[in-house]
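>>> Attaching a predicted model along with its sequence, questions to come.
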Amino acid sequence: MFDYGCNIGLFIDKPIVWLQNVCSSVLRRALAKTSPRLRARSWPLRGRNLTGEEDCHRRSSLHCGSSRLPDGQGTQRLPPQNNTVRMSREQQTVARARKAFNTGRSKPLEYRILQLKNLKRLFYEKQKMISDAIKKDLNKSEEVTQLHETLGIESEIDLTIKKLKDWAAPRPVEKNLLTMSDTVYVHPEPLGVVLIIGAWNYPWAVTIGPLIGAIAAGNAAVVKPSEVCVNTAKVMEDLLPLYIDKELYPVVTGGVPETQELLRQRFDHIFYTGNSMVGKLIMEAAAKNLTPVTLELGGKSPCYIDKNCDITIACRRTAWGKFTNCGQTCIAPDYILCEPGMQDRIIEEIKKAIKEFYTDNPKTCTDYGRIINQRHFKRIMNMLDDSTIAAGGENDEANCFIAPTVLRDVKPEAKVMQEEIFGPLLPIITVSGVDEAIEFINKGEKPLALYVFSSNNKVIDRIRDETSSGGFVANDCLVHYSISSLPFGGVGNSGMGCYHGKFSFDQLSHLRGCLIKKLNMEGVNNVRYPPHTPKKLSWVRFILLKSSNLGWMGRMVMVAMLVVVAAVALQRYLQ
Amino acid sequence: MSNPPSPSPTRWFKALRRTRLGEPCLRTYPLECVDLLRRARIAFQAGRTLKECFRLTQLEALVRMLEEHECDFVDALGRDLHKPRFETVVFELITVKNEALHAITNLKKWMQPQPVEKNLSTTLDECLVISEPLGVVFIMGSWCNPVQMCLVPLVGAIAAGNCALVSPSEYTVHTAELLHRLIPFYLDNECFHVILAGISDLPEIVELKFDHIFFTGNKEEGSKIAVAAARTLTPVTLILGSKNPCYVDQNCDVATTVQRIAWACFHNAGQSLTAPSYILCHTDVKARLVQALKCCLMEFYGPDPRESRSFGRMVNLDIFGRTRDLLWRSGKVVVGGQVTEAEKYIAPTVLTEVAESDPIMQQEVFGPVLPILSVNDVDEAIAFINKQEKPLCVYAYSTNSKIISRIMQETSSGSFCSNDCILQSLMVALPFGGVGACGMGSFHGRYSFETFSHRKASLLRGTRFECVTYLRFPPYEDRNLSLMTWACALSQKSQGWCQIL
């Protein structure tokens, strides 16, 4: 969903990877000849990230750091110089995290809560650093950063701290006749080391969100922020170790080679936010180690505007959902479906909303974002080719600016309808009514979100029941993301697994079924042992098959008990 | 041969080879699966499986099938695995029947949209989690419990409203053919299909793009299936075999313990994913344990287990040969050890003096062989268990509940059972599944339903109170932000920053 960035290109375009490898080996050879001091100077970037001098020393002896490629699209990792250490930096980080996990210190609830509290303190104390970095990366203002990123994280942490005890407690299950005298429950237990790969569009929210779940569930976690947001990744690498356990929750930064090296390690769960193409590669890499994955991918999220609704409000909410973060939101409404007669009205209203939000000239408006990089800029501009622009369309390549744009009468075959837009283009597709809208939605891959605006509940219910999507929102956009009691995740091509609140906890825990029996009551067990006889079989049949109707049995027993009690009472009374 | 002509020469050769080797001719080829999948998908898209009554009828039909054809199942499993009638009825039929009855009773409750906690802002809206079917799922069963491993997940898939393709293991030919023959008579012919595919064809079929894959079996095949599923971005549930440890403490009633272990370990001739694979016992009880096992086996299967009607056979010569080699190459036989190749018979065998490096401790064993290792105390046992890959089940026998809870807390496994074996995997109320190397995902009862459902978050809002939503729209102002931060801090008990959105 997010990472259309350089990493698809590099993942897929083998030649580039090959080129990088060649480059790196040449560089390595060159570096091997230089003195250690020179070598140390060539990666000041990593060195400064570290927390203490000692740490810095240790780390720089373990790895060589990075040199940025001239195009700024990724970093290149150089293999370790030190011959005594054969393991790559990623391998070491994972090994360290696993070792820390094996000490068992992440298991006590107090420890998890302490870590979460520290994490919360980070957002409280370092607000400025965080928003400065995001300003540099995505041109988001400080308010927007708080609104979109940190506020959500903080409340998620609060919720987790408050509920953790309940979530982590054993969950008793119903018993049957056989297990009447035993203890039966589901016990959530940590999985181990979790890899969290973040995306660039909301660099904190989508990286720290799963981390909260991982900490809460008692796992160790390796955090890999997106390399596209260079400044944010660096800030994350600097700040997280200062606040939370740096061995249990290490941060690994870097581009494609680092990610590939990370994926070669064995994890107990991989949590990825990004696009489907990379999602497939990650799942394949994970499958080799039989690692479960949670994939938060994207898709073309439709937005149907019914004729019976307050169009002004619908358009304002849609425009807000679409143009927030310059359209670079995984759950942004991708296109509008409406009846032909409403199109002009909708365009008018959206124009009005754009003006209201971002003034007449969005380019100078501080609340309007920019496209992340030139590559994406070109990709989005390319989509405009075969569609009619109804509003906006201005752009400035040097600035990566594309004005809020509405496209009218878009054909389903148009370029803009072929892949997720992930930019401030809002195509309008006309359909004859609800039926055609449902048909149109079902023809495509399952989206991450589906929005319906209507004042008619029947229309809402119909679309909800007859289509499939990760999430469903009626009469609003995006806000389901912010409700922690709702699971957030995709289905089909838009991903698998879900998170937020308790769902994060469950996703990153193993729900272990536990049956605690005693060694008594062996008489009952005799029926199951060989040598088998027909009589034993009929007994088993009775015990096991009745068990599913325990409710009925229980009621009968209850009635019998009541009768006995009544009889005893009556007897007493009569005496 | 029921397959249509295939364009691919390799497939044609494959078909030729199979026929020449005299394997059963009834086979479904990947090409045919494409067609079946298309039919199932059309049926799913028509919305057939959405209705509650449809799902109930299908589940009831499934129960009826098991009731009416009990003898056929007993006969088929008898031919495949020499499975005693008792075991077939208890492990295969009753388990599935219970599962189906449980689903029938609870289906309405499961299907209902679940309202989630509301907060200040959503008091006017509806927040629901809706369980919706995924689409067409593919279920592959293992040969250990061929009926149970195919039909228990199928019950979940039906309950959740999916269409399904079921592939019973090719090892248990008779059972597979029976299911292939019976299911069309009872279940919907468009939605549910049984295919008879070889294990080597499965990854190819998985790549046809299903909406969920459910696999039970061994690790290498599971891994292949997972890789194939990743190519089409399909979620998978894997239940894989592993080496399940069984710890026996010195404080326990040895006679009872041994009965329970022996029953679990030697039912179906040890061919089970959940049977204990080895005993870790306290050094003090080892001698008593071995003695008790001898008595217990005598009691269960008589002096010659080969004659006993309660003892099964290995499924095929491959598995037989593999198990025999493992048996011959490790440890010292104290009980059993006899093998008869013609009957694929391996006697219930107990091994002692087994080293950790012996082949029998290195690989998954599907056979009636039980190695006994001794440890000096619980710590050593826990360390031993944690050194291995995470197993599917951990069992512990002790009268001391502290020991039980220590083992439970300090080890990790798919499921845990104390003072008994296997039962936890048959209960409808407990999730049964793997973790780490023994798979992912879980099933049984409600958990099957959830495995085969997508939980769709639904937020139904109104367009009233637009004045409140104004706060979140640009142009962003500090005043609005502080108001929202304040509201967030004020009501920490509610669910996050949405309360004012």
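Good, I have the coordinates.
>>> CA atoms for contacts and neighbours, from now on please.
OK.
>>> okay, now the domains of chain A?
A:89-296, A:302-489, A:535-574 (the TED database).
>>> can you list these in CSV and add mean pLDDT?
What follows is the domains of chain A, written out as CSV (pLDDT from 0 to 100):
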stretch, mean pLDDT
domain A:89-296, 91
domain A:302-489, 91
domain A:535-574, 75
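>>> Output these as a markdown table; include the columns mean neighbour count and distance to B:Tyr395.
Formatted as a markdown table, the domains of chain A follow (neighbours: other CA atoms under 10 Å in any protein chain shown; distance: least, CA to CA, whole Å):
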| stretch | mean neighbour count | distance to B:Tyr395 |
| --- | --- | --- |
| domain A:89-296 | 21 | 14 |
| domain A:302-489 | 21 | 34 |
| domain A:535-574 | 13 | 22 |
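>>> in the stretch 251-400 of chain B, what residue is nearest chain A?
In the stretch 251-400 of chain B, the residue found nearest to chain A is B:Phe300; the distance is 4.8 Å by CA to the nearest CA.
>>> Distance check, that residue against A:Asp268.
B:Phe300 sits 41 Å away from A:Asp268, going by CA to CA, to the nearest Å.
>>> ditto for B:Val258
B:Val258 is 35 Å from A:Asp268, by CA to CA.
>>> Same question for A:Gly423.
Counting by CA to CA, the gap from A:Gly423 to A:Asp268 is 34 Å.
>>> repeat for B:Ala342
Counting by CA to CA, the gap from B:Ala342 to A:Asp268 is 44 Å.
>>> Quick check: A:Ala233 touching A:Val223?
No: counting by CA atoms under 8 Å, A:Ala233 stays clear of A:Val223, with 10.1 Å between them.
>>> Isn't B:Thr88 up against B:Leu77?
Yes: if you go by CA under 8 Å, B:Thr88 and B:Leu77 touch, sitting 7.1 Å apart.
>>> Among these two, which residue is more densely surrounded?
B:Leu77 (28 against 25; other CA atoms under 10 Å in any protein chain shown).
>>> Would you verify that A:Lys502 is located in a strand?
No: counting by DSSP: H, G, I helix; E, B strand; the rest coil, one finds A:Lys502 to be helix, located in no strand.
>>> what's the burial count for it?
A:Lys502: 23 neighbours (other CA under 10 Å).
>>> Contact residues of the stretch 351-500 of chain A facing chain B?
With the criterion set to CA under 8 Å from any CA of the partner chain, the stretch 351-500 of chain A comes near chain B through A:356-358, A:367, A:455, A:468-476, A:479-480, A:482-488, A:491-493, A:495-496.
>>> In helices, which of those residues appear?
Residues of these located in helices (DSSP state H): A:356-358.
>>> Output the residues you listed in JSON lines, with distance to B:Glu307 appended to each entry.
Compiled in JSON lines, those are given as follows (distance: CA to CA, whole Å):
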{"residue": "A:Glu356", "distance to B:Glu307": "88"}
{"residue": "A:Phe357", "distance to B:Glu307": "85"}
{"residue": "A:Tyr358", "distance to B:Glu307": "87"}
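>>> From the residues you listed, pick the one nearest B:Leu59.
Among these, A:Phe357 lies closest to B:Leu59 (CA to CA), at 54.7 Å.
>>> residue contacts, the nearest residue to that closest one once chain neighbours are set aside?
Leaving aside its chain neighbours, A:Phe357 sits nearest to B:Pro474 (4.6 Å; criterion: CA to CA, 6 or more residues apart in numbering or on different chains). If you count contacts by CA atoms under 8 Å, 6 or more residues apart in numbering or on different chains, B:Pro474 has them with A:320, A:356-358, A:367.
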